[in-house]
Each structure stands twice: as C-alpha cells, then as structure tokens.
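Student: Let's see this in three dimensions:
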Amino acid sequence: MTTVHSFRTHRMAAFPETAGTVMPIDDVLRERIASLLGHDPIVLFMKGSPRAPQCGFSARTVAILDDLGVDYAHVDVLADAAMREGIKLYSDWPTIPQLYIGGQLLGGSDIVEQMLRSGELHAALGLPAPDRTPPSITITPAAVTMLRSTLHDAGNGHAVNVTVDARFATRLQLGPADDTAIALDVDGLRVQFDPASARRAEGLAIDWVDDERGRGLVVDHPRAAPAVRPLSPLEAASKLAAASVTLVDVRPPDERAFALIKAPFATLDQGPDALEALPRETPLAFLCHHGQRSAQAAEHFRQSGFLEVYNVTGGIDAWAQLDPSIPRY
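Tutor: Model (predicted):
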C-alpha cells in the first residue's frame with residue numbers, strides 16, 4: 001500500500017467582495033431560487049451532480065457533505081444557464097458551488113472546508129461536535145527532512161495538510177497554517193487534518209524513498225486498497241487467456257506499433273475516464289516498455305479505488321523474451 005506523492009503548494013482562494021452596481025435578477029428566477037431554498041433545509045448549487053461532479057470545488061464540497069452523512073438537495077447549474085448566473089446575483093457571491101443552510105448562504109468550497117476544520121460546520125448542520133483527538137501516525141526522519149525543506153521553500157506560515165478520503169486514499173498538500181485544524185507536531189513539523197481525515201488517518205505512515213518506485217513521499221495506510229501487485233509476463237498471458245484481467249498498454253501509439261503485444265488490450269490514449277468508469281472490482285494489469293511508466297499508472301488506479309491492480313514486471317521487453325516475434329527496443 002505504498003503511494004509516491006509529488007508535492008504542490010495550496011493557497012486559500014481569495015473571494016473578492018462585490019462592489020459597484022449589481023445587475024438585477026429576474027423576478028421569476030428569484031422566486032424559483034427562493035422556492036428551492038424553502039423546500040429543503042440544505043441546498044447545494046454545484047456544477048454537475050453529487051455522483052458526477054464537474055469541477056474539483058464541487059467535488060470537494062460533495063465529499064464533505066457525504067462524509068458527514070447529511071441529506072441535501074442539489075441544483076446542477078451547468079444544466080441551466082439562467083440558474084448558473086442567477087444564483088450568483090441572488091447571493092451576491094461570484095463563485096460556484098454555493099451551500100445554503102436554512103435558506104442562508106454559507107459559502108463556497110473553501111469556506112465549507114474552513115468550517116469543517118474548525119467544527120463550525122457541524123454546529124451549522126446541527127451535528128454533534130467532532131472528535132478533535134489527533135491521530136497516531138508515523139513520519140520517518142527522512143520524510144520530516146524533506147517536508148521541512150518544502151515548507152521552507154513555501155515561506156512562513158505553511159503546514160502539511162493530510163486528507164484521507166472514504167476509500168482511505170491519502171493526499172498531501174501544503175497549505176496555510178490553520179489554528180482551527182486538528183494538528184500534530186512531529187519534530188517541529190506541523191501536520192493538519194480535517195475531522196474526518198483525522199479519524200481515518202490512524203495508523204498512517206509517511207516515508208521518503210528514492211528507488212524503483214520513484215523519488216518522493218511514500219504513504220502506507222493499513223486500510224487503503226491493496227498495493228499494486230507484480231505480474232510476470234507469463235502470469236499475465238495466462239490471465240489474459242482466461243479473460244481474468246484487463247490489460248492496459250500505457251505506451252504511446254508509436255511504441256505499441258513497433259512492438260505490438262499479441263493479446264487484447266486497452267490504452268490511455270483518450271485519457272483515463274473510460275477505465276475509471278469500470279467497476280472497482282475489475283482486475284487491471286498495466287504494461288509499458290520496462291515497467292516504470294506502467295507502475296505509475298497502476299498506482300493511479302489503485303488510488304482511485306480499484307481493488308486488484310497489477311504491474312507487468314519488465315514490461316514489453318520482458319514479454320518479448322517469451323515471444324521472440326515481438327521486437328525489442
């Protein structure tokens with residue numbers, strides 16, 4: 001269950017205050033919005049639907065509400081151009097998503113996240129205060145050294161945010177130090193969690209590696225999806241013959257054309273969406289030239305929740321040793 005992470009700095013979005021003349025909203029649309037807010041106690045105006053959010057900010061807000069287990073109505077602003085602009089005029093708030101509780105605007109995704117960290121969101125939703133006990137996690141000295149260096153480069157006032165989703169996939173980001181977050185001090189390194197992530201992070205281990213897995217932070221979670229498994233070309237051929245695995249050749253078209261594997265396979269030429277739509281129980285085996293690019297792709301799908309993920313060791317180069325008709329390059 002090892003996950004190699006790159007690192008990027010996350011800065012809180014600034015919400016501009018509206019000023020000057022505000023365009024009027026159509027009375028019919030105003031009444032329609034008021035009716036929606038009066039019908040349900042919690043309403044989320046978002047891009048897409050809870051099952052298929054169409055922007056990262058909407059997805060983050062949905063994940064928070066779903067994790068808290070609250071019932072809410074949603075309005076897909078992408079399905080109605082008038083609503084998309086009208087809700088911004090109604091609320092005098094420039095961005096989507098917008099979360100309303102009891103007919104009152106709470107804010108967008110960043111404000112919802114801030115309120116989650118502080119416990120204010122629980123109070124607004126009428127939920128018991130969250131457990132704010134910090135989790136017990138392990139960060140190796142090598143990882144602490146790397147993270148300290150990254151925080152130093154980001155400037156003062158930053159911390160490491162750890163997010164653990166419902167499938168126990170873990171994401172690490174830099175963000176502003178937040179006094180309201182659940183936090184740990186690990187050898188002078190501030191590590192922050194929202195309440196749900198703090199509960200799920202118990203037993204998490206973070207290390208720094210520079211080996212065949214790549215160079216970066218490695219996260220081990222005892223409850224995460226099983227690790228990517230090695231699969232020899234012979235074993236892969238056997239599984240393909242039994243139709244018990246979907247092979248994914250991650251090489252670009254020119255490489256595949258030169259050394260074509262003689263078996264059915266999928267590609268990522270059009271992106272990962274088609275594969276990510278498969279049931280999470282679908283066994284996937286990834287293939288590249290020598291096994292490094294396929295290992296990265298396999299890890300991506302493991303983190304996406306697939307339960308049986310393989311990397312073909314040695315790639316097409318090793319496969320060609322079994323089948324001399326495949327050119328080596």
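Student: Got the domain ranges for the chain?
Tutor: 27-124, 138-220, 229-322 (automatic domain parsing).
Student: which residues does Ala124 contact?
Tutor: 101, 106, 115 (CB atoms under 8 Å, 6 or more residues apart in numbering). To be clear about C-beta, it is placed using only N, CA and C from the backbone, and glycine gets the same treatment.
Student: With Ser49 as the reference, measure out to it.
Tutor: 23 Å (CB to CB, to the nearest Å).
Student: What of Ile33?
Tutor: In terms of CB to CB, Ile33 sits 18 Å off from Ser49.
Student: So for these two, which residue has more residues nearby?
Tutor: Each of Ile33 and Ser49 has its neighbours counted (other CB atoms under 10 Å); Ile33 has more, 22 against 15.
Student: My read is that that one contacts Tyr90, right?
Tutor: Yes - under the criterion of CB atoms under 8 Å, Ile33 makes contact with Tyr90 at 5.1 Å.
Student: Now for those two: what residues contact both?
Tutor: Counting by CB under 8 Å, 6+ apart, no residue touches both Ile33 and Tyr90.
Student: Same list (the domains of the chain) but as CSV, adding mean pLDDT and distance to Pro130.
Tutor: Shown next, in CSV, are those (pLDDT from 0 to 100; distance: least, CB to CB, whole Å):
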stretch, mean pLDDT, distance to Pro130
domain 27-124, 94, 6
domain 138-220, 91, 4
domain 229-322, 94, 25
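Student: Which of those sits closest to Arg328?
Tutor: Among the domains of the chain, domain 229-322 comes nearest to Arg328, with 4.8 Å by CB to CB.
Student: Kindly check the end-to-end length of that closest one for me.
Tutor: End-to-end distance of domain 229-322 (CA to CA, to the nearest Å): 21 Å.
Student: just the helices in the protein please.
Tutor: 27-39, 56-68, 81-91, 109-118, 120-124, 141-154, 195-200, 233-241, 253-258, 273-276, 292-303, 315-322 (DSSP state H).
Student: mind giving me CSV with these and columns for distance to Phe45?
Tutor: Shown next, in CSV, are the helices of the chain (distance: least, CB to CB, whole Å):
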stretch, distance to Phe45
helix 27-39, 9
helix 56-68, 9
helix 81-91, 5
helix 109-118, 12
helix 120-124, 17
helix 141-154, 33
helix 195-200, 23
helix 233-241, 46
helix 253-258, 42
helix 273-276, 25
helix 292-303, 29
helix 315-322, 47
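Student: Check which residues of stretch 78-88 are buried.
Tutor: Neighbour counts over stretch 78-88 (16 or more other CB atoms under 10 Å) mark 83-84, 86-88 as buried.
Student: Dump the residues you listed into TSV; add distance to Ala243 as well.
Tutor: Listed next are those as TSV, based on distance: CB to CB, whole Å:
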residue	distance to Ala243
Met83	46
Arg84	45
Gly86	51
Ile87	49
Lys88	51
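Student: which among those residues gets closest to Pro195?
Tutor: Closest to Pro195, out of all of these and judged by CB to CB, is Ile87, at 28.4 Å.
Student: who touches that closest one in this structure?
Tutor: So Ile87 contacts 33, 45, 75, 77, 96, 98 (CB under 8 Å, 6+ apart).
Student: Out of those residues, who's the most crowded?
Tutor: Phe45 leads the contacts of Ile87 on contacts (other CB under 10 Å) with 29 neighbours.
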